[in-house]
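[1] predicted coordinates and the sequence they were generated for:
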Amino acid sequence: MKIKGLQLLLCSIMILVSTQQGWAQGSPIVRAVPLEGTLEYKKGDNNWAAVTRPKYLFETYSIRTLENSSARLVLLSDNTSALLSAYSEAEIRGSSIVVVRGEMGETEDENNTILASLSTKFENAQRFITVRRQSPCDEMVRPANAISLSNEYPELVWKNACPTYSYRLTVGSSSFDVPPAGEADLVRYAVSGLGSGEYEYKIEVLDRGRTLYSPRSSSTLVWIDDATSTELSTALDQLDNDIFLMADLLESLNLLIPALDLYREFFNSNTEDNDMRPFLIMSYAGLGLQDLQADEARLYNMLNDG
């Protein structure tokens with residue numbers, strides 16, 4: 001597998017959907033990248049806040065530069081960008097950037113295939129924002145149908161079926177006993193001893209040695225070779241620490257768990273970026289973590305409601 005020309009692989013897994021309609025909004029319109037000086041944004045009539053990393057803007061957002069400042073604004077609909085000069089302000093109206101003060105330069109083509117797919121991915125993520133939690137101690141564990149691991153990212157995760165349940169993970173001809181996870185929100189297990197290649201894997205649920213659940217069919221696990229891992233590391237370093245682009249690149253290789261970890265770490269520290277939370281919700285759905293998906297969808301809707 002090569003990084004060049006990778007296209008987005010969306011993981012869509014059917015979930016239990018409640019009859020209550022969740023709050024939804026449009027896709028992000030603009031990616032704002034601070035270049036120098038002070039860049040600030042606001043949502044609607046909220047107060048201005050500093051932008052210290054790439055920021056995704058939705059309709060009703062505003063962005064402004066201060067003294068000796070500049071930023072690059074990327075319009076996601078056509079993958080073009082323009083420079084917002086110092087002492088300038090722009091608003092997101094509909095699907096356009098409207099300059100209300102100062103100057104914005106000529107548009108340029110970005111030619112960024114990962115960025116170009118982000119709006120489509122967000123629209124898909126909106127399908128996962130309304131769910132209901134499952135009952136406690138549900139032994140049905142349904143991990144990702146296809147997933148990749150590597151020496152750098154060796155962990156599998158799956159639903160914590162019950163605090164006292166243990167698990168038997170089978171990968172190819174190897175079997176691993178996984179102890180109960182207690183009250184942890186999910187089960188993590190670092191797989192070892194595999195060479196690069198494709199394997200079948202399955203997760204069985206046990207209660208005091210008795211098998212409660214065994215899947216009818218196996219899923220697919222790919223262990224990525226070192227050359228691809230090195231190429232991936234180089235590509236990640238070139239994404240300006242934009243976790244949404246980094247996660248997208250990881251997901252394109254089915255490295256779903258490090259992508260999940262990026263989302264979780266980001267939203268734990270940046271609750272004000274709730275508009276982008278559907279990406280985390282969809283990540284939980286793709287890994288069969290329905291309870292965490294439901295909790296995150298509830299938080300997303302609550303924060304959007306006020």
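    Good, I have the coordinates. Keep in mind that this is a model prediction, so the values were computed, not measured. Numbering: from 1, shown residues only.
[2] averaged pLDDT, the helix or strand harbouring residue 304. What do you get?
    Assigned by DSSP states H and E, residue 304 belongs to helix 290-305. Mean pLDDT, computed over helix 290-305, is 91.
[3] just the CA atoms of that helix, as PDB, please.
    Backbone C-alpha positions of helix 290-305 (Å, rounded to 0.1, in the frame of the first residue of the first chain) are rendered in PDB as follows:
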ATOM      1  CA  GLN A 290     -22.100   1.700  20.000                       C
ATOM      2  CA  ASP A 291     -22.300   2.900  23.600                       C
ATOM      3  CA  LEU A 292     -19.500   5.400  23.200                       C
ATOM      4  CA  GLN A 293     -21.100   6.500  19.900                       C
ATOM      5  CA  ALA A 294     -24.400   7.100  21.700                       C
ATOM      6  CA  ASP A 295     -22.700   9.000  24.500                       C
ATOM      7  CA  GLU A 296     -20.800  11.200  22.100                       C
ATOM      8  CA  ALA A 297     -23.900  11.800  19.900                       C
ATOM      9  CA  ARG A 298     -25.800  12.900  23.000                       C
ATOM     10  CA  LEU A 299     -23.000  15.300  24.000                       C
ATOM     11  CA  TYR A 300     -22.900  16.700  20.500                       C
ATOM     12  CA  ASN A 301     -26.600  17.400  20.400                       C
ATOM     13  CA  MET A 302     -26.600  18.800  23.900                       C
ATOM     14  CA  LEU A 303     -23.800  21.300  23.200                       C
ATOM     15  CA  ASN A 304     -25.500  22.400  19.900                       C
ATOM     16  CA  ASP A 305     -28.800  22.900  21.700                       C
END
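[4] packing partners of that helix?
    The helices and strands touching helix 290-305, judged by 3 or more Cβ pairs under 8 Å, 6 or more residues apart in numbering; DSSP states H and E, are helix 278-286. Glycine gets a C-beta too; all of them are placed from N, C-alpha and C.
[5] ranges for the strands of the stretch 101-250 of the chain?
    If DSSP state E, counting those that start in this stretch is used as the criterion, the strands of the stretch 101-250 of the chain fall at 108-109, 146-149, 155-159, 166-171, 174-178, 186-190, 197-207, 210-213, 219-223.
[6] tell me the contacts of residue 219?
    Contacts for residue 219 were tallied using Cβ atoms under 8 Å, 6 or more residues apart in numbering; they are 143-147, 200-202.
[7] before we move on, what about residue 31?
    For residue 31, the set of contacting residues under the criterion of Cβ under 8 Å, 6+ apart consists of 54-57, 73-74, 76, 115, 118.
[8] a markdown table for these, including neighbour count and pLDDT?
    Shown next, in a markdown table, are the contacts of residue 31 (neighbours: other Cβ atoms under 10 Å; pLDDT from 0 to 100):
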| residue | neighbour count | pLDDT |
| --- | --- | --- |
| 54 | 20 | 93 |
| 55 | 23 | 95 |
| 56 | 22 | 95 |
| 57 | 24 | 96 |
| 73 | 23 | 96 |
| 74 | 25 | 94 |
| 76 | 23 | 90 |
| 115 | 20 | 74 |
| 118 | 23 | 77 |
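[9] which two among these are spaced furthest apart?
    73 and 118 (14.6 Å; Cβ to Cβ).
[10] now, which of the contacts of residue 31 lie within strands?
    Per DSSP state E, strands hold the following members of these: 55-57, 73-74.
[11] out of those residues, who's nearest residue 187?
    Using Cβ to Cβ, residue 56 is the member of these that lies nearest residue 187, at 31.5 Å.
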